[in-house]
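# The following block contains a protein sequence and its predicted model.
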Amino acid sequence: MITRIREVRKARGLTLEQVGALCDPPTTAQTIGRLETGTRTVSVNWLNRIAQALAVTSADLVAMPGQADVPVAALLGPDGVRAPTRPLVFPGPIATDGMVGVHVSASIGDYRSGDSIWCRRIGPSDFGSALNRDILLPRPAGRFLFGRLIGREGDRLQLLPLGAGARQLVLTDPPWAAVAEQLVRRL
């Protein structure tokens, strides 16, 4: 199996030590390095542990046929722009089961017209993990709410809409939610 652990780790700006510390249970930088280079076999268990540490899906860590990587031409930082010292790539986005999209048709809050927001569906038992994140919530008759989840009391979710000066909204017992995970913005 060809993995993309190194590419995803680098794209997240993490060191081997940091990824090892984020794993549950923690592991060593040496182990992460061996898994990245293929000198140690990557089991499904390891793939899941590293994916959780990097806050991605396991599928994001596996090179899939037909999946294109984007070569990194330059690194931008406080000292300016420079060329990478070794080849780097951005892993292409992978849609997984349960993903839904939100297209921003007019600028609102931090989002600009034309943005694409990739969201991962979650069930009611996972609503607590979405606190302080932007989420999409279904409402009756094909309508939706989108905003920052700021509180949960039992089956009531409190949502702060994106517009300036907007009042808190409360939605009771939604069947699912979708947490914003990736923003795709054209410049």
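Here it is on my side, so go on.

# what lines up beside the longest strand along the chain in the sheet?
Taking DSSP state E as the criterion, the chain has its longest strand at strand 143-153. Here strand 143-153 is paired, per DSSP bridges, with strand 134-139 (antiparallel), strand 156-161 (antiparallel).

# Okay, now the unreliable bits of this structure?
1, 64-70, 89-97 (pLDDT under 70).

# just the strands in it please.
Ranges of strands in the chain, per DSSP E, are 70-71, 75-77, 80-82, 89-90, 99-103, 116-122, 134-139, 143-153, 156-161, 169-172, 177-184.

# per the record, what domains does the chain have?
If you go by automatic domain parsing, the domain ranges for the chain are 5-67, 99-184.

# Name the stretch among these that sits most buried.
Burial of the domains of the chain is given as mean neighbour count (mean count of other C-beta atoms under 10 Å); domain 5-67 ranks first at a mean of 16. Every residue, glycine included, has its C-beta placed from N, CA and C.

# just to revisit the earlier point, would you format the strands paired with strand 143-153 as JSON lines with distance to residue 82 included?
As requested, the strands paired with strand 143-153 are exported to JSON lines (distance: least, C-beta to C-beta, whole Å):
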{"stretch": "strand 134-139", "distance to residue 82": "33"}
{"stretch": "strand 156-161", "distance to residue 82": "39"}
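
# Which of the strands of the chain sits closest to residue 28?
Among those, strand 89-90 comes nearest to residue 28, with 25.5 Å by C-beta to C-beta.

# Check this protein for its longest helix and report it.
Among the segments of the chain that qualify as a helix by DSSP state H, the longest is helix 44-54.

# Centre of the chain to that helix, how far?
Relative to its chain's centre, helix 44-54 lies at 14 Å (C-alpha atoms, centre = their mean, to the nearest Å).
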